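Student: sequence and predicted structure below; questions after.
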Number of protein chains: 2
Amino acid sequence: MAQKAPQRPSSAKPSREDDSKLSLVSWNVDGLDIENLIERAWGLCSYLDIYTPDVVFLQELIPPYVQYLKKNAVSYLIIEGGKEGYFTGMMLKRSRVELLEKNIVPYPTTTMLRNLLVAQATFKDHKLCLMTSHMESCKGHAEERMKQLRVVMQRMTDAPDDVTVLFGGDTNLRDTEVAEVGLPSTVSDVWESLGKREHVRYTWDTKSNTNKEISHVCQFRFDRLYLRPASKEGVPGLSRITWP
Amino acid sequence: MAQKAPQRPSSAKPSREDDSKLSLVSWNVDGLDIENLIERAWGLCSYLDIYTPDVVFLQELIPPYVQYLKKNAVSYLIIEGGKEGYFTGMMLKRSRVELLEKNIVPYPTTTMLRNLLVAQATFKDHKLCLMTSHMESCKGHAEERMKQLRVVMQRMTDAPDDVTVLFGGDTNLRDTEVAEVGLPSTVSDVWESLGKREHVRYTWDTKSNTNKEISHVCQFRFDRLYLRPASKEGVPGLSRITWP
DNA sequence: CCAGCTAGG
DNA sequence: CCCTAGCTG
């Protein structure tokens, strides 16, 4: 990929042979690093062309990046979590996902202008609630980050039970923080549900990803995907998660 | 006092009218700050002249400070927990306390050359075990500090039951750390036993103590005194602690 | 010896 | 966006 780090598509992408299944990618596009930014946006679009995910969660978008996407990925509807600085966004494959409503949930005490971007949508007559966020960064902001996780989990559990809820993004979460907050019983961590495969554990990994000049080795699972299935008749593959 | 901060005599000093009781002071003399050091050592000696404590626990001694004390506080026997850099020490009033044996207990994993200075002594035919330490400094070293507290507590509980055990010093402990380690049932925190009086809670207090140029307010109870009474016929006033 | 910040690896 | 060291209030 031409994309610069953090390059971490955390994907719950089923086989393309089975069009009944929803596919999803989350990607921090590192828009704060303007080096080769358009080239990297092109890289993202190439990826979308090849894999055609139904839903894309994006973080660290900046206005020119969004502009580029809107011009070059016309098969997707793009919604944004902000207008200035950097913000999150979502891309919904027009032919597969229909947007009903979008809204932005504030994090009351963020110092980094972070929020929760929520989209109500349908996918093959199934109700979806799609949510992404770029949660408070850095180790020292664990308290704020846990507050944000609580906001997210409240939203996930509050959703009507005929809705499949998917939250994903750059959470900056550490395992200890998730443990302290505690996941609701109805919510599962998709990477865990899929067998905790070691080779896709770390989503920020300066060991395997050398495209950013970071000399030290860092390995963290910052990008996470959580699922609260609909109680019945949910999206195929998203009640009991299976890996192709 | 001419002493510079940290100026925190945490005292279990009974009325001098009752000579049957043991009196004790613990003091971090801040020997790492060499400004006015001899003047401050003189201040300590003045304090000793006035209050004549039977036992003095000292932390952050440096060699010239000890030299000064040995020359100017001849009524005390002085023992040291080290020879180089900074270290702890003990002063025992020759007329009241008899040293039987001293030894230095290492902290296996300290990175700051800290240790536990132990003195076996007698006071009016009662057996005493006196211990002092300057435990690992700074918030970030909580784990090491808790290890050191465990070493101390092990020593306190292991002592024969005809011995009155007193540990005191600059522990750098936070309440949460003590709670995590847990105190043995036979050991009590002397400040707590004496009623948790608020005006003597903080032993490092840049609010009430302005002799060190620290602009920000800090209040911590770093200096603590623990007692494990002898099971019977212990030192008067040190089985059930009373405040004059 | 605190907390917050910054710069460098 | 890691961690540590160094500086500052």
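Tutor: Arrived safely. Numbering: from 1, shown residues only, chains lettered A, B, ... in the order given.
Student: only C-alpha atoms for contact and neighbour calcs from this point on.
Tutor: OK.
Student: would you mark the buried spots in the helix ranked longest in chain A?
Tutor: Secondary structure of chain A read by DSSP state H shows that its longest helix is helix A:142-158. Burial within helix A:142-158, assessed by neighbour count using 16 or more other C-alpha atoms under 10 Å in any protein chain shown, is assigned to A:142, A:144-153, A:155-156.
Student: which helices and strands does it pack with?
Tutor: strand A:163-170, helix A:175-181 (3 or more C-alpha pairs under 8 Å, 6 or more residues apart in numbering or on different chains; DSSP states H and E).
Student: tell me which helix or strand comes right after the shortest one.
Tutor: The reference is to helix A:175-181. Sequence-wise, the next helix or strand downstream of helix A:175-181 (DSSP states H and E) is strand A:188-189.
Student: using PDB, write out every CA atom in the next helix or strand after that following strand.
Tutor: Heading C-terminal from strand A:188-189, the first helix or strand you meet, by DSSP H and E, is helix A:190-193. Listed next in PDB are the C-alpha coordinates belonging to helix A:190-193 (Å, rounded to 0.1, in the frame of the first residue of the first chain):
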ATOM      1  CA  VAL A 190     -14.700  -9.100  17.100                       C
ATOM      2  CA  TRP A 191     -11.000  -9.800  17.100                       C
ATOM      3  CA  GLU A 192     -11.500 -11.900  20.200                       C
ATOM      4  CA  SER A 193     -14.600 -13.700  18.800                       C
END
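Student: what mean pLDDT does the next helix or strand after helix A:190-193 get?
Tutor: The C-terminal neighbour of helix A:190-193 among helices and strands, as given by DSSP H and E, is strand A:204-205. The average pLDDT within strand A:204-205 is 94.
Student: do stretch A:28-42 as well
Tutor: 93.
Student: repeat that for stretch A:110-117.
Tutor: On average, stretch A:110-117 scores 94.
Student: got the contact list for it?
Tutor: A:80-81, A:87-89, A:102-107, A:131-136, A:144, A:152 (C-alpha atoms under 8 Å, 6 or more residues apart in numbering or on different chains).
Student: and with 7 Å instead?
Tutor: Outside stretch A:110-117, the residues within contact range by C-alpha atoms under 7 Å, 6 or more residues apart in numbering or on different chains are A:81, A:103-107, A:131-136, A:144.
Student: and it, how far apart are its ends?
Tutor: Stretch A:110-117 has an end-to-end distance of 14 Å (criterion: C-alpha to C-alpha, to the nearest Å).
Student: so how far is it from its chain's centroid?
Tutor: 15 Å (C-alpha atoms, centre = their mean, to the nearest Å).
Student: determine which two of the contacts of stretch A:110-117 are furthest apart.
Tutor: Farthest-apart pair in the contacts of stretch A:110-117 is A:103 and A:144; separation 21.3 Å (C-alpha to C-alpha).
Student: could you count how many residues lie near the closest residue to DNA strand D within chain A?
Tutor: When you check chain A against DNA strand D by C-alpha to the nearest atom of the strand, the closest residue turns out to be residue A:138, at 3.4 Å. For residue A:138, the neighbour count with other C-alpha atoms under 10 Å in any protein chain shown is 10.
Student: residue A:196 too?
Tutor: Residue A:196: 12 surrounding residues under other C-alpha under 10 Å.
Student: how near is it to DNA strand C?
Tutor: Here residue A:196 is placed at a distance of 27 Å from DNA strand C (C-alpha to the nearest atom of the strand, to the nearest Å).
Student: re the thing from before, now the residue of chain A closest to DNA strand D. Nearest residue, chain neighbours left out?
Tutor: Spatially, and ignoring its direct neighbours in sequence, residue A:138 is nearest to residue A:172 (7.2 Å; C-alpha to C-alpha, 6 or more residues apart in numbering or on different chains).
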